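Participant: sequence first, then the predicted structure, then my questions.
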Amino acid sequence: MARIGVFICHCGENIARNVDVDRVAEAAAQIPGVAHAESYRYMCSDPGQRKIREAIVAQGLTGIVVAACSPHMHENTFQNAVEGAGLNRYLCEMANLREHCSWVHSDREEATSKALELIAIMVEKVKRNQPLAPIRVPMTKRALVIGGGIAGIQAALDIANAGRDVVLVEREPSIGGHMAQLSETFPTLDCSQCIMTPRMVEVKNHPRIQLYTYAEVEAVDGYVGNFTVTIRRRARSVDESKCTGCGACTQRCPQKKIASEFDAGMGQRPAIFIPFAQAVPNLPVIDRTRCTMFLKGKCGLCAKACPAGCIDYEQTDTLVTEEVGAIVMATGFDVQPPTLYPEYGSDPDIINGLQFERLLSASGPTAGEPRRPSNGEVPRSVVFVACAGSRDPARGVPYCSSICCMYTAKHALLYKHKVHDGQAYVFYMDIRAAGKNYDAFVHRVIAEEGAQYLRGRVSRIYRDGDQLVVRGADTLSGTALTIRADLVVLATAVTPRPGSDALAQKLSVPYDAFGFASEAHPKLRPVETNTAGVFLAGTCQAPRDIPDTVAQAGGCAAKVLALFSADQLEREPVVSRVNEATCVACFDCERVCPFHAPEHRELRNRAGDLLRVVSHINEGVCAGCGLCVVTCRSHSIDLAGFSDEQTFAEIGALAPF
Amino acid sequence: MSTETLLTPSAPDTATWKPRLVAFVCNWCTYTGADLAGTSRTEYPANVRIVRLPCSGRIDPHFIIRAFEQGADGVLVSGCHPGDCHYTAGNYHARRKFMVLHALAEFLGIEPERLQFSWVSAAEGRKWADVVSDVVAGLLRVGPVQPTWGGAGELPVRSLSEPPRPVPEPLDVVGELRATAQRWLSDCRVDVFVGYGQGSLPGRLRPAFITSPDEVDQLVWNEHAVNNLATYLTRGLVKRHGRVGLLVKSCDARAVVGLLQERQIEREQVTLLGVPCIGVEVDGALAPKCHTCDSAWPALVDEVLSAEVPLTPVDGEGLAAEIAWVEKMSPAQRRAWWQAQFDRCLRCYACRAVCPLCYCSQCIADQSRPQWVSKSSDGRGNLAWNLVRAFHLAGRCVGCGECTRVCPSNIRLDLLNAKLAQVVRDEFGYVAGGDPDLPPPLTTYLLEDHEEFIR
Amino acid sequence: MSVAFYPGCSLHGTGNDYAQSAHAVCQRLGLDLTELEGWTCCGSTPAHNTSALLSVALSAQNLRLASDQQRDSLVVACAACFNRLRSARHEMAHDEVLRGRVEHVLEAPAPLDVRVDHLLELLLDTYGLDALAARVRRPLTGLKVACYYGCLLVRPPEVMAFDDAEHPTSMDRVLAACGAETVDWPGKTECCGANLSLSRSDIVVSLVDRLLDQAKRAGADVVAVACPLCQANLDVRQTDVTAQTGHRYDLPAVYFTQLVGLALGAGADELGLDKSFVDSRPTLAGWLS
Amino acid sequence: MPTASDIASEAALAFRARIEHLSGQTVSSCYQCGKCTAGCPVASEMDTDPARVMRLVQLGARERVLRDEAIWLCASCETCVSRCPQACRLPRVMDALRAVAEQDGYARDNRGAALLNRLFLAQIRAFGRVHEMSLVAGFNLASRRPLRDVTKGPSMMRKGKLHLLPQRSANLPAVRRIFERVQELEGSET
Amino acid sequence: MSPTTYLADSAQAVLTAILAAGQRVVAPVEQAGLLAFAHVEQAEQAQLIGQTRASAKELAFPRTQRLFGYRFGNPGVELLPGEEPPAPTVLFGVRPCDAAGLAILDGVFGAEPADAPYLARRARITVVGLSCDQPQAHCACTAVGLSPTATDGSDLLLTPLAEGVLVEVLTARGAALVDLLGEALRPGAADKAEVTARAEAAMAPRALPAGLADGLAAAFGEAAWADAAARCLGCGTCAFVCPTCHCFDVVDESNLRGGQRLRVWDACQFGLFTLHASGHNPRADQAARYRQRALHKFSYYPRAHGRPMCVGCGRCVNACPAGMDIFEVAATAAAGQG
């Protein structure tokens, strides 16, 4: 027989003002099954909690209803209190008399009767609560990092340096990501490659990091602590074990005029190529979509040139499987091409910021000297356009790309440093320079370097002979402007890496309309996701700059290491369970589960003969949403803590008391 | 014979009546949004009682039905906005279920004010207060639920928009049917062949189970071959024989697709013999389903009987015309019409027994902890049972019409099924019984699924 | 498909050479270009400057006539009328409140069954470039044309849905099919200031000046237009341009229909080539038989 | 310039609401990027550029904006519309401003576009169509510049481009009825 | 001593008189395309030709019946009364088979310990039978020892004659009803043998073999039940349309405030019927369940009561979704044994 204790909190005056707590306590004692009811000024205070504990012991209570604030506020507090008295923490429920009653209803009579009903509802529920024990799952203390840009590198190094094994998967032939492409970084103007390259080498040589480049995550199975990851290693057509990276093959390749991805199309590469001089690993790869051997079936010059005989045209993709306990997604970003707006047209001298980085980079195609793609001349007048796609709900993306203000200022500065008599114009909407020393940097560019900042957007760009005509506005003066420019650099929008949405799906991580992966909580769980054991680092989550990315990657590493600090994982026991006796194995549960928790379980008799296959919910994976419960027509699945019986009982208590 | 009970509150006193609104909300968005309304001290009517569940995907249609049974005047269902689900996709799945439930409620004549859906985020305290105020205002407009069980006006059970049609002469396939069954049994390709044999009453056929090549002469085929034999594929007394050979009409074959989709049978255990069919007889006329059947030939077969099929163009609207006829009634009329139907329900579960897709080993109608459906054969229990049956078949019913044929009380279950099939077709672009590799529509979702019915 | 031709006020006045050449082209191609009986003014800019409802209603009145006369499509030559008529149809289709108001004003259901097509679309989509090329008698080989679309054919893009709003090529393709060489120039969709023509001709002159300059520098022999207002500005205002800026262009502005007609073998008078201020006949002499 | 209290005044808010209602555009969504101004063919002729007109409407600066010549200079070329990141149809805002200026008597002295609009609509009302010659003549007379473009007329006449007499549409009654019904409907709403 | 037989113009006329006497009447009416017993106010509403889809038992043994209610207190429980039985009612136009069904139910529910809720309802019912002159294809009353004009269970029996109708007064309750009818009934007599013979001749020949009860009992262990029951889908149609089936389930429905205990019809073909709380089901498959049905009707009951628990109305054969025929199955099973 249930013996329920009801504890009504005055919350000072917060509840008591609009709810007659004494009357409620009196009436609550009359609810069938209630053995004890009392009210107190602050139930969450130490004396309040003590009252609960004492009543549990003295009255032999079997379930507790605390009628106070929102469970989101103090459920944990009262669960702990209940546990302190030896009662299972899941035998405690809260009736929300504050947020859902006293604070929103001013009629004392109405609020009082509603309060009593809210209590009756929870009494009916708690009568049917079951003691639950936390779920423990084993932990594989090995992490997967997806993406070898600065975010992935940082996370991998932090985890590895703490003594845990890391698998790092990079889609491109080399790690390094966008940061390796940059010339110098704002606001300190460090040489990007100079600070990046040592990190890349450290990854390569780290005994605890298993590096897969030119590889992609094909499938992810399992759950926190127990992921099984299938990785596709794409065929490089080069035997990695023999190659010395001498580069002879790349020099012999007859295809030399392929737009270089690393140079963002500003430079060229052969069909067999090492992406850039400091690439890690420093190995060539054959671009099979452009290689004459693959297109026409004959050539073989690179194979002839290779002194080690490591060119392998027959090589195929291979699949490797890795067991990991946590995953860091660090797939990074892309910038939109400079051809988004038809009113800007497409002209070789209209480029995006990343392309300009390559033109400014000492290792770039022009050896760091800005030159016009159309004719190779040094531009005398450059127009930079910020928000060229960002903050444009109608035709671009509505969000701010976050980094453009700063890199555009940097571009203007670097350009002025390299072309002293050149003129730099910057069209901007707002200058967002919220980082450390950022604002001072922008002012330096305007005031000391003489970049002409114009507040407004550009409406049209067209070619007039050798030059581009840029028609913009300066809204501060209210004038339309026409500028003749040799080069236009568009700060195009930052978008997630193509394919990151597909990866997010494999990882069961939600993503927004633009494809940025969603964190579990924007404020309090910024690197976690709603899939336990999967974390987000860098720009796959939202546009951000290098310091923020590195900090976030470090945050991910800390979360992963914290996860790995226990040998077993404890999880909330709010999970689904299958009644194997009635399951008809339609596996609709499997179809709807966002977390792939339902598994196929074989039922056998003592002789080992297969009787039936039924659904089984993997408790380690189940997040407790209850979708399978509702989908199951025979209702062979129930959700602990929010069971069908509990809910029906709550509904049964809804009738007026 | 309605049972006045403690559980069904008697008709309220209109003078003192206050609407009772039950809100089923998800823990992460709407519950938190309601918390925010509290912290912002945003006042709203005290008529609402919140039941907290983890996710809108956890909100079972049964909960909603039960709330009405327990005297709620209205139910509000609320969860996270699309894209905000704490569990990634719970609300997308829920949205599909709600879409069907919403259409079902409307079809049964339940005033839209009584069943409302909304997305309220954790940041939308104001919206929560507005939604509750608005829904309560709507309930005040429509007033208390009027118990109208029994005594509903006598309305015709069937629309007269399409007169009964004669059944065409059945195709002569018996010889080949028997020969094929004989061959399959002799070749040990199947262990039992399920077809039709002569019934014990004149002019009736009934299922026949042939296990020996010598018995194939028992097999017959004519316009009285009404039973959907696919039902027997999941029956122990048939499965015990081993591999099953099954005679299928095109509608029956669609049910086999459903069973494959839901993994109730293995394709290699079943050998399908398609019979070209140009219509069967129910109640002395061409069965309604045959009016709109567009294929004499089953789509999923292993072998098919040959016959010269006369061109029988699909004409008329069949059940669509009758659905339109029901929808033309006012909501109150519609409710009365359905109530008169459900009132007759004996709870014999013949509808469930004949349905090839009702294969659960233990139906929830038979469960008592919790009791999903009241066993009382009165307004309450009968409404719940018929709603549950229809809802469980949404997106799955292949329209074989067997439930309606066998109902001893002539309840128009086919209209409920066909209406939901329409909704599923129009909203999710899905027709049951087509492609066995497609996921059933209520186990999947599209980001762009409609949600105009959600606030 | 049954079409009716909506000429608009200008084609019965200053733009009658456009009307003349359009009829000449369609006659040669066997396209029916019967005028909409009892057409009325579309309301043009002054109407929508004054009242959105009036503007839509005046245009809708013509759609209603077309509907009453069982026409599937209203073919329009004047870009300004085209813009008003297609906008009216778009707005009625997308704004239920407005549609209701228009129906109230017209005392009739909104005539959404009639399409609105520009003459260029008729040639491109209905007739087809290949068919057109096959009818060319005197290819305009060697003639360099700057196609000028102006504003109203293409903007706003989501309403007009005419070609690429920033880089339209419809007219270029039609004239290329006639053998002409069309030049790429930045002025294609720049505004000539048509509706300021009377009130602020000074502004129009500076806009026209820029357009002529751009066309000339792109190497054009003629500018081709699809709007009587554009033609009037680019042609008639050239003397004012010279007076105001000293720039002299002598660049003929002709209707694209005049060039198409030429290629199809029509004569100068038939096409109304005599009617422009800057005489195009010397430039086109080589193709005039 | 308006003061802070002017900006928040009921009149200012009402003016903005009226313009938003008439134009069907959310004026407050404008974040002053200036792309309209940048592409506007007549911006250089305006004392107040298009973006700033939007700003003034946001601030509810009724007097200032209704008296501004800029609202009569918009050529309705829709360049701004096709490029606006907020998908605002600025010419409709201009239309709304002109309509309000006309209704509230700010356009009485306008010898430019407002005058032309009135004459143009009067012609439609009179003939169902527009007669260019009398429109031009009427405009020149009323704007007190009778000799404007005086050289063009005779030459046009010679070229057969101008007719002496206006055409009258067979559906003139229908057009007149439209004018009446619009006036009725809009009159009943204000 | 009043006469035991009367003559009247027609069954309709008798009904008119009963209604005129202010009696509450339930009679067959057409509803939703089928015949069903329902309350009538005018004689014309009654449809006196044909067989109702469901039997007449529902008035005495409703589908759902509240046995009692309760209200929770803290502590304690307050007991509330069960259903109020309906007002006294004349059940008119009951076919002899259905009336015989009521007689069987009376035996079952009347045996000690007597079933008070049933008897309370039954005591308020006067059965006016109507002999059957148009038997249907599924009719089999003669096979179970009844006839189209049998009197079992009727208080009055009307038998249509060539002209007029014969009214037999069979019980005191019947006589009491006759007293209310005044001149509508004329004392008189007629021989109904011819009517009986004509009706029986029109019936399809159906007979149950001799020694059926013992034959079936002997066949209990036969594997052939599985084949016989293979087409049975396990619904409750046969039991629910049967005039003699009387199995019921007792369920509690409650919420926080209280609840009620209900008696609802149950059917032996449901899998749940014998399912134990442990999960074990002694009648694990449809073969066992169908055997139970056949044996209960034609073996266990006759052995105890000397007659089959079947009145031969044939509704179960007619309504079965799968074409099961209990007469055929029983005969075959018993014969297989012999």
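Facilitator: Nice, thanks for sending it over. Residues are numbered from 1 along each chain as shown, chains lettered A, B, ... in the order given.
Participant: my guess is E:P321 contacts E:C235. True?
Facilitator: Yes - at 6.5 Å, E:P321 counts as touching E:C235 under the criterion of Cβ atoms under 8 Å. All C-beta atoms are positioned from the backbone trio N, CA, C, and that covers glycine.
Participant: the two: who's more crowded?
Facilitator: Neighbour count, other Cβ atoms under 10 Å in any protein chain shown: between E:P321 and E:C235, E:P321 has more, with 27 against 24.
Participant: next, the contact list for the more buried one, please.
Facilitator: B:N227, B:A350, B:A353, B:V354, B:E402, B:R405, B:V406, E:L233, E:C235, E:T237 (Cβ atoms under 8 Å, 6 or more residues apart in numbering or on different chains).
Participant: and it, helix, strand or coil?
Facilitator: Three-state call for E:P321 (DSSP: H, G, I helix; E, B strand; the rest coil): coil.
Participant: next: E:V26.
Facilitator: Assigned with three-state DSSP, E:V26 falls in the strand class.
Participant: beta partners for it?
Facilitator: E:H39, E:L91 (DSSP bridges).
Participant: pretty sure it contacts E:G93?
Facilitator: No - using Cβ under 8 Å, E:V26 makes no contact with E:G93, being 9.0 Å away.
Participant: more neighbours: the two, which one.
Facilitator: Using other Cβ under 10 Å, the more surrounded residue of E:V26 and E:G93 is E:G93, with 29 against 22.
Participant: backbone phi and psi for that one, please?
Facilitator: phi 80, psi 30 (degrees, to the nearest 10).
Participant: what's the pLDDT at it?
Facilitator: Here, the pLDDT recorded for E:G93 equals 95.
Participant: got it, and E:G312?
Facilitator: 94.
Participant: find the helix or strand that it is a member of.
Facilitator: According to DSSP states H and E, E:G312 maps onto no helix or strand at all.
Participant: quick check: it touching E:Q136?
Facilitator: No - the criterion here is Cβ under 8 Å, and E:G312 misses it with E:Q136 at 11.4 Å.
Participant: pLDDT below threshold where in the stretch 1-150 of chain B?
Facilitator: The stretch 1-150 of chain B contains residues with pLDDT under 70 at B:1-14, B:147-150.
Participant: hmm, I typed the wrong one, I wanted chain C.
Facilitator: C:289.
Participant: for A:V34, grab phi and psi.
Facilitator: phi -90, psi 120.
Participant: that one - how many residues pack around it?
Facilitator: Other residues close to A:V34 by other Cβ under 10 Å number 23.
Participant: and what of B:K239?
Facilitator: Residues within reach of B:K239, counting by other Cβ under 10 Å, total 16.
Participant: check it and give its pLDDT.
Facilitator: At B:K239, the model reports a pLDDT of 91.
Participant: give the contact list for it.
Facilitator: Taking Cβ under 8 Å, 6+ apart, we find B:K239 in contact with B:L233.
Participant: what values do phi and psi take at it?
Facilitator: Dihedral angles (degrees, to the nearest 10) for B:K239: phi -60, psi -30.
Participant: mind checking how far it is from B:V354?
Facilitator: 17 Å (Cβ to Cβ, to the nearest Å).
Participant: show me where chain B has its helices.
Facilitator: B:30-39, B:61-69, B:90-107, B:125-142, B:174-186, B:236-239, B:250-261, B:288-291, B:319-328, B:331-343, B:350-354, B:379-393, B:402-406, B:413-428 (DSSP state H).
Participant: which helices and strands does the fifth one pack with?
Facilitator: Taking 3 or more Cβ pairs under 8 Å, 6 or more residues apart in numbering or on different chains; DSSP states H and E as the contact definition, the neighbouring helices and strands of helix B:174-186 are strand B:192-198, strand B:244-248, strand B:270-274.
Participant: rewinding a little: tell me, what's touching E:P321 and E:C235 both at once?
Facilitator: Residues touching both E:P321 and E:C235 by Cβ under 8 Å, 6+ apart: B:A350, B:A353, B:V354, B:V406.
Participant: who wins on neighbours among those residues?
Facilitator: Highest neighbour count within those: B:A350, with 27 neighbours (other Cβ under 10 Å).
Participant: how about that residue, what does it touch?
Facilitator: B:A350 touches B:C403, B:V406, B:C407, B:P408, E:L233, E:C235, E:G236, E:T237, E:P321, counting by Cβ under 8 Å, 6+ apart.
Participant: any low-confidence regions in the chain?
Facilitator: Going with chain A. Looking at chain A by pLDDT under 70, you get A:655-657.
Participant: wait, I meant chain E there
Facilitator: Filtered on pLDDT under 70, chain E yields the residue ranges E:1-3, E:337-338.
Participant: for chain A, what's its nearest residue on it.
Facilitator: Proximity to chain A, evaluated over chain E using Cβ to the nearest Cβ, is greatest for E:N255 at 3.2 Å.
Participant: what residues does the stretch 51-200 of chain A have near chain E?
Facilitator: Contact residues (Cβ under 8 Å from any Cβ of the partner chain) of the stretch 51-200 of chain A with chain E: A:A120, A:V123, A:E124.
Participant: ok, 6 Å please
Facilitator: Those residues of the stretch 51-200 of chain A that sit near chain E, judged by Cβ under 6 Å from any Cβ of the partner chain, are A:E124.
Participant: may I have the phi/psi pair for the residue in the stretch 51-200 of chain A positioned nearest to chain D?
Facilitator: Using Cβ to the nearest Cβ, the single residue of the stretch 51-200 of chain A nearest to chain D is A:F186, 23.4 Å away. Main-chain dihedrals, A:F186, degrees, to the nearest 10: phi -80, psi 160.
Participant: can you pull the contacts of it?
Facilitator: By Cβ atoms under 6 Å, 6 or more residues apart in numbering or on different chains, the contact set of A:F186 is A:M406, A:K410.
Participant: please redo it, this time with the cut-off set to 8 Å
Facilitator: Contacts for A:F186 (Cβ under 8 Å, 6+ apart) come out as A:M406, A:Y407, A:A409, A:K410, A:Y438, A:F441, A:D545.
Participant: what sits closest to the first one if chain neighbours are left out?
Facilitator: For A:M406, ignoring the flanking residues on the chain, the nearest one in space by Cβ to Cβ, 6 or more residues apart in numbering or on different chains is A:F186 at 4.6 Å.
Participant: measure that neighbour to A:Q193 for me?
Facilitator: 15 Å.
Participant: from chain A, how far off is the residue most central in space within chain B?
Facilitator: What sits nearest the mean C-alpha location of chain B, by Cα atoms, centre = their mean, is B:A390, with 2.6 Å. Distance, B:A390 to chain A, by Cβ to the nearest Cβ, to the nearest Å: 12 Å.
Participant: for that residue, give me the pLDDT.
Facilitator: In this prediction, B:A390 has a pLDDT value of 94.
Participant: show the contacting residues for the residue nearest to it when sequence neighbours are not counted.
Facilitator: Closest residue to B:A390 apart from its sequence neighbours, by Cβ to Cβ, 6+ apart: B:L416 at 4.2 Å. Neighbouring residues of B:L416 by Cβ under 8 Å, 6+ apart: B:L104, B:F107, B:N386, B:A390.
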